[in-house]
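sequence? don't have it. structure:
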């Protein structure tokens, strides 16, 4: 089981694409692994024969556990037995009985059911080979014995999302209640027509007919709906609580005039989209300025180990990517400080697209030294992000809007309309102080406001 990110401790084998005895080639896909953050494919490390599968589909094991044994050409035919400790961990993590059958069915696996369970209701239908399902979707399908063929997907390329499953469950639960209500209404005798109300009653004030405050109205009845946390949400909550408990968070923010950036974006907007197929946003300019400023403020580009600060002489930039109801991931652009604005734009677009398509690799989620969270597309004013451990700072980019700005001139001040946005940084007060963080933010602001930006097509 590969390391799937700094904070990820375990992974689930969702499906095996090869069986024991199959011949495999280098980089041929053996299995798919899923965590609370991402789904990814595990390639064969070399050419040979798949001699042993030690972790079956549906089992969750810790990072470092042996998943399978591939015997290379010329190697001994005998495979070593798993170490007692590893076997114990795998045994403890692997599901058993009906739960294992449901999880295997949910990922398209097969298993021989015990004789006593032959008459059990059918398990959820396995996913279509071309469609990826998140762990939350598979678990909900298994818990409620759903046939996934009956659920329409509203996600990207028709993908079934957690919200699709929840809506399907709610609709299924509502149907029996509606049917029971209809049957009761049909069985009840027809009510005798009431006499017309007297004229005096009709002229009574409306307050006389108002219901008592203690009476429940039909609209208020059954308004609550309890939705259990998914595994993704539980683990995300644990990560966030751990980060807040580990790092004393401090928030600082600066306003940035994006006039120079806007000039380049507007001049190149159509040509850039025509050539690259995506927009030239503010984010790659911000990322470039951050990478340059991190060279001057290395204590921001670091991690805390014990009573020491470990400084990085490279910038591996994490970019937070929203996956909708499925959660949030922060894939990493390696050596981002060596890229131009145009290269950063392409790298951010590509890694975000692969994240939403579930095609990230283990290396994409590891090694980050600083993270940017982009909420600006939703028009937010200011966001206090939570640090992505073990990093010591994270930057939130919020909405850029036109605002009146005071322009200072030797002959007097004036007011102009400029595109202005807020950059907000949460930093670990163990690593740096407020003055150091503020100086870093001021440097990022000046780079964005004073650089003569050029972007190569």
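Good, I have the coordinates. These figures come from a predicted structure and were not determined experimentally.

got the phi/psi numbers for the spatially most central residue of the chain?
Centroid-nearest residue in the chain, with CA atoms, centre = their mean: residue 328, separated by 2.0 Å. With angles defined as degrees, to the nearest 10, residue 328 sits at phi -140, psi 140.

And the helices in the stretch 1-150 of the chain?
Secondary structure of the stretch 1-150 of the chain (DSSP state H, counting those that start in this stretch): helices at 84-93, 97-106, 135-143.

Check the stretch 301-450 of the chain too.
341-356, 434-450.

For the residue nearest to the centre of the chain, list the residues it contacts.
37, 236, 320-322 (CB atoms under 8 Å, 6 or more residues apart in numbering). All C-beta atoms are positioned from the backbone trio N, CA, C, and that covers glycine.

Where does the prediction get shaky in this structure?
4-8, 36-39, 74-136, 155-157, 175-222, 230-233, 325-326 (pLDDT under 70).

which strands and helices sit next to the longest strand that it contains?
Longest strand in the chain by number of residues (criterion: DSSP state E): strand 414-428. When contacts are defined as 3 or more CB pairs under 8 Å, 6 or more residues apart in numbering; DSSP states H and E, strand 414-428 sits against strand 249-257, helix 259-276, strand 393-397, strand 401-407, helix 434-450.

Turn the ones you listed into CSV, including mean neighbour count and distance to residue 297.
Converted to CSV, these look like this (neighbours: other CB atoms under 10 Å; distance: least, CB to CB, whole Å):
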stretch, mean neighbour count, distance to residue 297
strand 249-257, 17, 13
helix 259-276, 15, 21
strand 393-397, 26, 10
strand 401-407, 11, 26
helix 434-450, 17, 4
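
now the helices of the stretch 301-450 of the chain in JSON lines, with distance to residue 263?
Formatted as JSON lines, those follow (distance: least, CB to CB, whole Å):
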{"stretch": "helix 341-356", "distance to residue 263": "13"}
{"stretch": "helix 434-450", "distance to residue 263": "12"}
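
Of all those, which one comes closest to residue 284?
helix 341-356 (3.9 Å; CB to CB).

What residues of that closest one count as buried?
For helix 341-356, a neighbour-count test (16 or more other CB atoms under 10 Å) marks 341-345, 347-349, 351-352, 354-356 as buried.

hmm, back to that, bridged to the residue nearest to the centre of the chain, which residues?
residue 322 (DSSP bridges).

can you check residue 33 too?
residue 13, residue 40.

just checking, it touches residue 12?
Yes. With contact defined as CB atoms under 8 Å, residue 33 reaches residue 12; the gap is 6.9 Å.

Look at the two and report which has more neighbours.
Neighbours were counted for residue 33 and for residue 12 using other CB atoms under 10 Å; residue 12 has more, 25 against 22.

Show the backbone phi and psi for the closest residue in space to residue 265 that isn't next to it in sequence.
Among residues not flanking residue 265 along the chain, residue 280 sits closest, at 5.4 Å (CB to CB, 6 or more residues apart in numbering). Main-chain torsions, residue 280, degrees, to the nearest 10: phi -90, psi 100.

how many other residues sit next to residue 280?
By other CB under 10 Å, the residues close to residue 280 number 23.

what's the answer for residue 367, then?
Neighbours of residue 367 (other CB under 10 Å): 15.

Could you check how far it is from residue 303?
Per CB to CB, to the nearest Å, residue 367 is found 11 Å from residue 303.

Check residue 163 too.
From residue 163 to residue 303 the distance is 36 Å (CB to CB).

So those two - more neighbours on which side?
It is residue 303, of residue 163 and residue 303, that has more neighbours when counted by other CB under 10 Å, with 18 against 14.

Look up how far residue 366 lies from the nearest residue to the more buried one once chain neighbours are set aside.
Sequence neighbours aside, residue 390 is the residue nearest to residue 303 in space, at 4.3 Å (criterion: CB to CB, 6+ apart). Residue 390 is 11 Å from residue 366, where distance means CB to CB.

With residue 138 instead?
For residue 138 relative to residue 366 (CB to CB), the value is 25 Å.
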